[in-house]
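Student: Need the 3D shape of this:
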Amino acid sequence: MTRVRTLLASALSTATLLTTSACLGAAEGAPHAPIVPASSAAPSAHASSAAGSALTDAQAHDALITDTDLGGSWVPTRGAATWRDGLLKAKTSVAECRRLLDALYADEILGAPARAVTGLDDTDADAQLRYQISAQSPAAVDSWLAWLSTMPQKCARFTATSTTGAVLDVQVSDEALPEVGDARQGLRVTVTAVTGPEGQTLDGDPATLSLDVAAVRVGPDAFALTNGGMGDVPNDATQAAVQLGAQRLTEIRKQGRAQV
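Tutor: Prediction:
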């Protein structure tokens, strides 16, 4: 039993972090096919630019939030948390729920690699926040937001299997977000390992990942974020990042118009 617990702890420990380059690789180089909602009429998931965007690439980077915005114990990321591979890299027989897991693991909440992305770590709560400016067109963003809104019904609770063979209990519910932007969707995803590798029985309390997911369109541009960690991750950083993100996009667009 001790060996099983040790193996699971090794796979899920948030104290152990990969290199910073691996953090970007998890978002941009993950081995997944383009993720397209079955009912979506969105263009190719890997569009190279944001069609109709009001931002230049430089402005997209300027629109990212920083650790100083969140304050407290937040710092620039030290690398990708190992729970990404331990609990998000998983499969399920339910097609729509598999798309959700793939989107979370690939860090493509709005269906395409980001134009600009940053990672922040909360050193007190051992949480990690991934924040990105979307590369999708407004129509594609709205399509993805509509798809995300169906997840609490279609994937309220399902079973998945990790790459190590651990059985996972996944629950998805709506998450209230600040009333900002033109369209938005929030989710709360919890992933609990109910067995060890290869289905072996655990000898202690199950490990649980709590993950906030938020996506917001502000005019022709949009941003998305995940904020997660092991145990009960405080939601205040998610709410603050959504509020700040919408304000930042609005301000940078205004600055851009003033310079024209």
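
Student: Next up, the contacts around the residue nearest in space to the middle of the chain.
Tutor: Nearest to the mean C-alpha position of the chain, by CA atoms, centre = their mean, lies Thr226 at 3.4 Å. Taking CB atoms under 8 Å, 6 or more residues apart in numbering, we find Thr226 in contact with Leu104, Asp107, Ile109, Leu129, Arg130, Leu211, Asp212, Val213, Ala214. From N, CA and C alone the C-beta is placed, and that goes for glycine too.

Student: doesn't Val213 make contact with the third one?
Tutor: Yes. Ile109 is in contact with Val213 according to CB atoms under 8 Å; the separation is 6.3 Å.

Student: okay, these two: which has more neighbours?
Tutor: Legend: neighbour count by other CB atoms under 10 Å for Ile109 and Val213, higher for Ile109 (27 against 23).

Student: Next, work out how far apart that one and Val233 are.
Tutor: 17 Å (CB to CB, to the nearest Å).

Student: same check, this time on Val216
Tutor: From Val216 over to Val233 the distance is 19 Å, taken as CB to CB.

Student: and Ala176, what is it in contact with?
Tutor: Applying CB under 8 Å, 6+ apart to Ala176 gives the contacts Gly186.

Student: Next, give phi and psi for it.
Tutor: Backbone torsions of Ala176, given as degrees, to the nearest 10, read phi -70, psi 140.

Student: Flag every buried residue along the helix ranked longest in the chain.
Tutor: Criterion DSSP state H: the longest helix present in the chain is helix 236-259. Neighbour-count burial for helix 236-259, counted by 16 or more other CB atoms under 10 Å, picks out 237-246, 248-250, 252-253.

Student: where does that helix sit relative to the chain's centre, distance-wise?
Tutor: 19 Å (CA atoms, centre = their mean, to the nearest Å).

Student: hang on, the earlier thing: pick out whichever of Val216 and Val233 has more residues nearby.
Tutor: Taking neighbours as other CB under 10 Å, Val216 and Val233 compare with Val216 leading, 28 against 23.

Student: Quick check: that one is in a helix.
Tutor: No. Per DSSP: H, G, I helix; E, B strand; the rest coil, Val216 lies outside any helix segment and is strand.

Student: give the contact list for it.
Tutor: Shown in contact with Val216 (CB under 8 Å, 6+ apart): Leu177, Val180, Gly181, Ala183, Arg184, Ala222, Phe223, Ala224, Val242, Gly245, Ala246.

Student: How much space separates the fourth one from Glu175?
Tutor: Just to be clear, that refers to Ala183. From Ala183 over to Glu175 the distance is 15 Å, taken as CB to CB.

Student: higher neighbour count, those two?
Tutor: Using other CB under 10 Å, the more surrounded residue of Ala183 and Glu175 is Glu175, with 19 against 15.

Student: so what's that one closest to, chain neighbours aside?
Tutor: The shortest distance from Glu175 to any non-neighbouring residue, by CB to CB, 6 or more residues apart in numbering, is to Gly186 (3.4 Å).

Student: ditto for Gln132
Tutor: Of all residues not flanking Gln132 in the chain, Ala114 sits nearest, at 3.4 Å (CB to CB, 6+ apart).

Student: Does the one you found belong to a helix, a strand or coil?
Tutor: Assignment for Ala114 (three-state DSSP): coil.

Student: Low-confidence stretches in the chain?
Tutor: For the chain, the stretches with pLDDT under 70 are 1-54, 256-260.

Student: What segments of it are helices?
Tutor: For the chain, the helices defined by DSSP H occupy 2-12, 20-28, 57-62, 67-70, 83, 95-106, 138-149, 151-154, 236-259.

Student: Summarise which helices and strands the fifth one is packed against.
Tutor: In terms of contact count using 3 or more CB pairs under 8 Å, 6 or more residues apart in numbering; DSSP states H and E, helix 83 is assigned the packing partners strand 221-230.
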